[in-house]
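Novice: I'd like to go over a predicted model; first the sequence, then the structure.
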Amino acid sequence: MRFLLSPALFTALALGLAGCTPSPPAQTSGGPAGHPADPAPEAAGPAPGTGQGTVTIAGADAAEDVQQWTPPRVDRQGRTLAQLRRAAEQAFAQGRLYEDGDAAVPLWLAVQEEDADDRQARLGLQRAKQRLLQQADALLQRPLQQREALAEAGRQALVLLTLAPKDEKVRALQGRVETAQRVVAYNRAGEDDLRADRIGEAGDGAIGNFREALALDPANRRARQGLAAAESGLIRRAEDAARIRDFASAGAWLAEASKVRDSSPTIADAFERIEQIRAAALVQLRDGGLHDLTTPQGLKPAREKLAEALRIALPGDAVVAQLRERIELATHYGSFRPGQVFSDALRDGGRGPQMIVVPHGGFQMGASDTEPGATDAERPSHYVRFERGFAMAITEITVSDFERYVKATNARPRATRRGHSVVYDERSGNFIRRSGVDWRSDYDGGRALGNSPVMHVSVRDAENYANWLSEQTGRSYRLPSEAEFEYAMRAGSSGRYPWGDAGLPPEGSGNFTGSKDVSPSGRHWHNAFVGYGDGWWGPAPVASFQANAFGLHDMGGNLSEWVADCWHASYRRAPADGVAWFNPGCRSRVIRGGNWANAPEQTRAAWRQSQDSDTTNARIGFRLVRGI
């Protein structure tokens with residue numbers, strides 16, 4: 001590829017001919033692309049005057065166009081040929097070959113003017129020619145001060161052309177001088193372009209000039225160094241772009257730099273540096289985003305940092321994935337993680353109930369139109385989605401948990417105030433009202449163990465406990481919404497029962513009515529899961545059975561549980577976001593989840609039942625949720 005000659009190159013070419021006196025140009029016309037315009041040739045014949053001789057060179061065919069070298073005028077006044085010969089030898093010995101009228105070549109030429117066949121003059125001029133060839137060759141190979149050396153070599157070449165215009169060595173030297181002059185001019189123009197930041201990635205500028213120089217002289221060190229400098233300039237642009245996080249431009253500049261030289265190791269090094277800049281920027285954004293998430297209003301700036309990180313990161317970057325995951329967690333779980341287990345400290349030095357973080361998500365709530373045993377109260381089935389996770393008590397609230405509240409507040413729960421509750425009567429096999437039964441009692445009215453689920457509590461008692469726990473911990477505890485309870489009970493399943501569609505509960509999955517269960521007096525259930533037995537008649541201590549997929553125990557059995565919703569006869573117009581459907585002042589509330597004395601139809605995942613808010617009995621308990 002050829003490149004148009006820049007003004008800097010034209011100036012450099014002119015300076016490369018320093019020491020030569022060109023004739024005034026005729027009307028100038030441009031030469032071939034990439035080459036200086038040729039000056040008009042000068043007429044032949046010596047120029048008048050004294051001092052240094054005059055020379056003319058022109059164009060690519062300069063050896064043909066040069067008319068003559070005009071030697072300086074020799075003062076012959078009163079000097080014999082012998083004296084001229086001696087002066088020439090003396091000048092030759094001193095290395096003064098052509099510079100003035102007392103130099104060797106002008107003196108020998110003066111002798112030849114007197115005697116054209118003078119042997120000494122002829123031999124002297126041959127010796128001068130040989131020495132000029134040697135000196136010019138040495139000057140062309142000089143690595144430093146090329147401009148001065150090239151100018152001197154050019155003058156010597158012109159002298160030689162006058163002495164031996166048809167000598168092949170002279171003509172070759174003249175060609176080398178012209179090529180070297182052009183190479184130097186291209187190099188100087190390229191260096192000027194570099195200083196002006198005209199690197200020439202589009203094919204002009206410094207890169208074009210240095211490539212022109214190498215086309216003339218493939219081994220030219222200066223041109224190769226120039227290309228290396230141009231490459232470095234493009235790399236610098238790439239790194240500057242990377243520092244302002246414009247990695248698209250950085251990649252483009254680096255791609256241009258890779259085209260300058262073949263297999264340059266500096267490109268790989270630059271790529272590593274740019275990737276280090278990228279990595280440092282991503283770490284800075286990640287750390288800044290994580291810090292934002294520790295502040296109350298930090299989610300928005302953290303997301304902005306994530307957007308910036310995604311803009312500059314390569315696909316699959318692990319640092320960006322960390323920030324994205326943490327923002328995702330903060331969006332849906334605050335400072336928690338799904339499945340995380342914790343308990344809050346109480347002001348009195350104790351610990352609250354153990355909680356687990358339920359993952360956010362969605363599910364189809366209620367029963368389908370074809371589900372066996374379903375009622376209209378469980379329809380229509382509708383989709384509910386939780387955009388944020390929540391923490392739920394891993395087990396039902398225990399007697400010990402509730403006792404701490406009663407003692408701390410001197411509370412008198414509903415059954416305690418009225419002096420009775422509903423228990424299971426072993427003798428009759430029925431549920432009856434019995435005096436002296438309250439939250440401290442078991443399913444049959446006896447004393448309950450501390451790790452038994454608390455029963456004989458009303459929904460108001462459960463809400464009062466939640467309020468006390470909130471005050472003790474500084475956190476927001478409450479009864480779960482009906483949607484939260486069903487979502488947590490299903491734990492990702494969608495079948496008829498909490499465990500799926502199988503007609504028999506998996507072994508060890510919960511405390512349900514099974515045909516193998518036996519009461520203390522030997523009673524069996526008449527309406528039960530045939531072939532199932534869990535070993536308990538009445539509620540079992542909490543966490544006696546396997547947890548479900550969300551890590552929660554006894555969601556579908558042991559005790560039914562109070563939820564926050566008021567009773568509605570169907571799900572028409574029910575909230576789709578999972579919040580409690582509550583009407584202030586309502587007395588009919590909802591219980592969810594099967595219990596130790598429920599029929600199989602009442603163990604279904606969609607089963608729900610209305611209860612008066614003052615109800616207390618041996619089949620209803622509760623658990624809490626906490627905002628995160």
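Specialist: Looks like it arrived, so ask away. A quick note: this is a predicted structure, and the numbers were derived from the prediction, not measured.
Novice: how many neighbours does the closest residue in space to Arg131 that isn't next to it in sequence have?
Specialist: Distances taken as CB to CB, 6 or more residues apart in numbering place Leu97 nearest to Arg131, at 6.6 Å, with adjacent residues excluded. C-beta here means a position set from N, CA and C on the backbone, and glycine is covered the same way. Close neighbours of Leu97, defined as other CB atoms under 10 Å, add up to 19.
Novice: Show me the shaky parts of the chain.
Specialist: 1-68 (pLDDT under 70).
Novice: Now do the strands in it.
Specialist: For the chain, the strands defined by DSSP state E cover 341-342, 355-358, 361-365, 382-386, 390-393, 420-425, 430-435, 477-478, 560-566, 588-592, 608-612, 620-621, 625-626.
Novice: Of those strands, which stretch is the most buried?
Specialist: Ranked by mean neighbour count, the strands of the chain are led by strand 620-621 with a mean of 28 (mean count of other CB atoms under 10 Å).
Novice: picking that back up, run a quick check on the residue nearest to Arg131 versus Ala91, I expect a contact.
Specialist: Yes: taking contacts as CB atoms under 8 Å, Leu97 lies within contact range of Ala91: 7.5 Å.
Novice: Residues that sit against both of the two, list them.
Specialist: Common neighbours of Leu97 and Ala91, using CB atoms under 8 Å, 6 or more residues apart in numbering, are Ala103, Ala104.
Novice: Burial check on Thr473, number of neighbours?
Specialist: When counting by other CB under 10 Å, one arrives at 17 neighbours for Thr473.
Novice: Now do the residue nearest to Arg131 against Asp75, distance only.
Specialist: Distance of Leu97 to Asp75, given as CB to CB, to the nearest Å: 18 Å.
Novice: hmm, back to that, is it possible to export the strands of the chain to TSV including distance to Asp534?
Specialist: Listed next are those as TSV, based on distance: least, CB to CB, whole Å:
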stretch	distance to Asp534
strand 341-342	25
strand 355-358	23
strand 361-365	26
strand 382-386	30
strand 390-393	21
strand 420-425	16
strand 430-435	20
strand 477-478	30
strand 560-566	16
strand 588-592	20
strand 608-612	22
strand 620-621	17
strand 625-626	26
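Novice: And those: which comes nearest Val319?
Specialist: Across those, Val319 has its closest neighbour in strand 355-358 (25.1 Å, CB to CB).
Novice: Could I get the CA-only coordinates of the closest one as CSV?
Specialist: The C-alpha coordinates for strand 355-358 follow below in CSV (Å, rounded to 0.1, in the frame of the first residue of the first chain):
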residue,chain,number,x,y,z
MET,A,355,-36.7,-19.0,62.6
ILE,A,356,-35.8,-20.0,59.1
VAL,A,357,-35.8,-17.8,56.0
VAL,A,358,-38.5,-19.0,53.5
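Novice: who touches that strand?
Specialist: Residues from elsewhere that reach strand 355-358 (CB under 8 Å, 6+ apart): 333, 336-344, 389-394, 484, 487-488, 550-552, 626, 628.
Novice: Parallel or antiparallel, list what pairs with it.
Specialist: Strand 355-358 sits in its sheet next to strand 341-342 (antiparallel), strand 390-393 (antiparallel), going by DSSP bridges.
Novice: so which of the ones you listed gets nearest Gly226?
Specialist: Closest of these to Gly226 is strand 341-342, at 67.0 Å (criterion: CB to CB).
Novice: what sits up against that closest one?
Specialist: Outside strand 341-342, the residues that touch it by CB under 8 Å, 6+ apart are Phe336, Gln354, Met355, Ile356, Val357, Ala391, Ile394, Gly551.
Novice: What's opposite Asp612 in the beta bridge?
Specialist: Ser588.
Novice: residues contacting it?
Specialist: Contact partners of Asp612, counting by CB under 8 Å, 6+ apart, are Arg587, Ser588, Arg589.
Novice: can we see that at 10 Å?
Specialist: Taking CB atoms under 10 Å, 6 or more residues apart in numbering, we find Asp612 in contact with Ser458, Val459, Trp567, Arg587, Ser588, Arg589.
Novice: Reformat those residues as TSV; add distance to Val170.
Specialist: TSV is the format used below for the contacts of Asp612 (distance: CB to CB, whole Å):
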residue	distance to Val170
Ser458	122
Val459	117
Trp567	117
Arg587	123
Ser588	120
Arg589	117
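Novice: What is the most widely separated pair among these?
Specialist: Farthest-apart pair in the contacts of Asp612 is Ser458 and Trp567; separation 14.7 Å (CB to CB).
Novice: Compare neighbour counts for the two and give me the winner.
Specialist: Taking neighbours as other CB under 10 Å, Ser458 and Trp567 compare with Ser458 leading, 24 against 20.
Novice: Next, work out how far apart the more buried one and Glu471 are.
Specialist: As judged by CB to CB, Ser458 and Glu471 stand 20 Å apart.
Novice: just so I know, which of the strands of the chain lies nearest Ala215?
Specialist: For Ala215, the closest of the strands of the chain is strand 361-365, at 68.2 Å, according to CB to CB.
Novice: ok and the closest one relative to strand 382-386, angle-wise?
Specialist: Between strand 361-365 and strand 382-386, the angle comes out at 160 degrees (axes from the mean of the first three to the mean of the last three CA atoms, to 10 degrees).
Novice: just the helices in the stretch 401-550 of the chain please.
Specialist: Assigned by DSSP state H, counting those that start in this stretch, the helices in the stretch 401-550 of the chain fall at 414-418, 459-473, 482-490.
Novice: Is there a neighbour count for Gln284? I'd like the number.
Specialist: Neighbour tally, Gln284, other CB under 10 Å: 13.
Novice: same deal with Ala313?
Specialist: Neighbour count of Ala313, defined by other CB under 10 Å: 21.
Novice: Not counting its neighbours along the chain, what's nearest it?
Specialist: Nearest non-adjacent residue to Ala313 (CB to CB, 6+ apart): Val320, at 4.6 Å.
Novice: try Ala223
Specialist: Ala213 (3.8 Å).
Novice: Relative to Gly289, how far out is that neighbour?
Specialist: Distance of Ala213 to Gly289, computed by CB to CB: 51 Å.
Novice: quick one: contacts for the closest residue to Gly334 other than its chain neighbours?
Specialist: Nearest residue to Gly334 in three dimensions, chain neighbours excluded: Ile628, at 4.5 Å (CB to CB, 6+ apart). Residues near Ile628 by CB under 10 Å, 6+ apart: 332-337, 340, 342, 355, 357-358, 388-391, 475-476.
Novice: Could you count how many residues lie near Gln141?
Specialist: Counted with other CB under 10 Å, residues neighbouring Gln141 total 10.
Novice: sorry, back to before: wait, the residue nearest to Ala223 touches Gln181, no?
Specialist: No: taking contacts as CB atoms under 10 Å, Ala213 lies outside contact range of Gln181: 11.2 Å.
Novice: how about Gly495, what does it touch?
Specialist: Glu371, Asp501, Ala502, Arg604, Ala605.
Novice: Show me which pair in the residues you listed is furthest apart.
Specialist: Greatest spatial distance in these: Glu371 and Ala502, 14.5 Å, computed using CB to CB.
Novice: of the two, who's got more company?
Specialist: Neighbours per residue, other CB under 10 Å: of Glu371 and Ala502, the larger number sits with Glu371, 18 against 10.
Novice: And the more buried one, how close does it get to Ser494?
Specialist: According to CB to CB, Glu371 and Ser494 sit 11 Å apart.
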